[in-house]
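Chemist: how would this look folded up:
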Amino acid sequence: MNEPLGHFVAWRTLRVGSREVLEGLLRLDSRGPSPELAHALSCWEGAWYWTDPSKTRITLIRPLSENRPRWAIHVLLFVLTLLCALGAGSVLIGEWEPAGARGGLGDAVIGAAYYFYDVIRGDWRHLLPGWSFAVPLLAILLVHEAGHYLTARRYALDATPPFFLPVPPTLSPIGSLGAFIRLRSAVLDRRQLLDVGAAGPLAGFVLALAILLWGYEVSERIAIVAGSSPSYVTLAGQPVFLGESLLTGWLRDWVLAGEGAVHLSAPAFAGWVGLFVTGLNLLPLSQLDGGHILYGMIGRRQGVFGLATIVALLYLAQRSPMWYVWVVIALLAGGGRWGHPPVLISERHVPASRRWLGLVSVVVFVLTFVPYPFA
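Modeler: A predicted model of the protein is given here:
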């Protein structure tokens with residue numbers, strides 16, 4: 001602790017929950033940094049970064065205490081999500097049909113109970129063919145959350161491992177509501193917020209794109225009349241037509257040129273879901289990844305874009321009612337607000353070297369957003 005202080009002409013110390021933050025103005029002979037400061041930083045037990053382009057100011061963070069992950073909960077949720085995704089994949093490829101699939105909501109809920117009972121009884125072996133959907137999908141979700149987690153740790157933030165959200169295949173065609181991590185220490189400035197917010201969707205996007213290309217290669221066009229040659233999957237014996245983003249539409253027609261609708265393979269549907277979830281997360285609303293990113297870029301003005309997004313989603317909901325549900329979920333996640341809550345030092349600008357992350361995220365959002373997910 002004392003060695004870095006010797007290189008400062010002025011500094012302040014902040015206690016942020018379980019973290020200690022040291023912000024300092026460097027002496028002239030330490031800027032750059034000097035070899036002595038570089039050695040001190042290499043021995044620093046936490047995280048550090050420059051807060052101005054001329055490298056005269058530096059922020060150092062170190063943990064004062066650490067909450068240990070409850071690995072049993074994380075592992076249990078992951079296993080349950082894997083079982084549900086395997087079931088969803090088996091339905092997708094026509095190897096299995098859950099009880100209550102053709103009934104109402106009540107039948108689906110009762111079927112969910114029977115599903116887990118059958119899994120415990122040993123019928124999980126019949127779900128293994130669903131791996132071609134479950135494994136790619138969970139890999140996308142895991143990489144997305146790992147991007148958030150590893151970047152948070154890069155800034156010495158206290159972050160939990162991912163919590164996966166399982167949903168029985170009688171209630172969900174993908175067997176999951178996604179995953180999330182929790183930050184248990186406050187975000188200091190907009191640079192941290194931008195980096196942590198962008199790392200997840202960009203990492204997941206790259207993998208989802210690769211999986212979608214693989215999936216298209218093993219998909220096929222069917223000679224049926226369908227407007228705009230959409231993609232579709234078969235669930236419980238019925239075709240479900242999917243909407244397209246700019247990216248999925250371009251890639252579909254590039255890999256599978258021709259007429260008719262494209263019957264998506266299991267990995268193609270996993271890639272479609274991965275890109276769809278990426279677009280959802282990048283909506284510029286409060287506590288969604290897009291809200292983090294846009295607040296990191298432009299500060300409080302993000303609230304204007306958040307309100308515009310709510311209005312746009314309510315307009316889209318006139319044709320696709322699922323957007324009503326997503327508006328409610330986004331507002332609940334944000335504590336009823338579409339604007340992002342302030343970080344501790346909101347007046348500090350994000351350096352130009354980090355803004356490219358925000359710009360790339362905006363491009364990815366435009367490419368992956370699906371206005372009408374289910375045609």
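Chemist: ok, residue 256 touching residue 216?
Modeler: Yes. Taking contacts as C-beta atoms under 8 Å, residue 256 lies within contact range of residue 216: 5.9 Å. In this view, the C-beta of every residue, glycine as well, is placed from N, C-alpha and C.
Chemist: okay, the two: which has more neighbours?
Modeler: Shown here are residue 256 and residue 216; by other C-beta atoms under 10 Å, residue 216 has more neighbours (24 against 18).
Chemist: just the helices in the stretch 51-200 of the chain please.
Modeler: Assigned by DSSP state H, counting those that start in this stretch, the helices in the stretch 51-200 of the chain fall at 71-92, 105-121, 131-154, 190-217.
Chemist: Ok, the stretch 251-375 of the chain next?
Modeler: With helices called from DSSP H, counting those that start in this stretch, the stretch 251-375 of the chain shows them at 266-281, 289-298, 302-316, 322-333, 352-368.
Chemist: looking at those helices, which is buried most?
Modeler: Greatest average neighbour count among the helices of the stretch 251-375 of the chain goes to helix 289-298 (a mean of 28), per mean count of other C-beta atoms under 10 Å.
Chemist: packing partners for it?
Modeler: Applying 3 or more C-beta pairs under 8 Å, 6 or more residues apart in numbering; DSSP states H and E, one finds that helix 289-298 makes contact with helix 190-217, helix 302-316, helix 352-368.
Chemist: For residue 191, report the pLDDT, please.
Modeler: Model confidence at residue 191, given as pLDDT, is 95.
Chemist: That one: what's its closest spatial neighbour, skipping adjacent residues?
Modeler: Using C-beta to C-beta, 6 or more residues apart in numbering and skipping the chain neighbours, the partner closest in space to residue 191 is residue 350 (5.1 Å).
Chemist: which residues sit against the host helix or strand of residue 10?
Modeler: Element membership of residue 10 [criterion: DSSP states H and E] is strand 8-16. The contact list for strand 8-16, computed with C-beta atoms under 8 Å, 6 or more residues apart in numbering, reads 5, 20-27, 30, 64, 185-186, 188, 344.
Chemist: 10 Å instead?
Modeler: 1, 4-5, 20-28, 30, 37, 56-61, 64, 157-158, 185-188, 344-345 (C-beta atoms under 10 Å, 6 or more residues apart in numbering).
Chemist: Number of residues surrounding residue 92?
Modeler: 27.
Chemist: that older thread, can you give me the distance of the residue nearest to residue 191 to residue 194?
Modeler: As judged by C-beta to C-beta, to the nearest Å, residue 350 and residue 194 stand 6 Å apart.
Chemist: shared neighbours, these two?
Modeler: Taking C-beta under 10 Å, 6+ apart as the criterion, residue 350 and residue 194 both touch 296, 297, 357, 358.
Chemist: Test my guess that the first one contacts residue 284.
Modeler: Pointing back at residue 296 there. No. Applying C-beta atoms under 10 Å as the test, residue 296 and residue 284 come out as separate, 11.0 Å apart.
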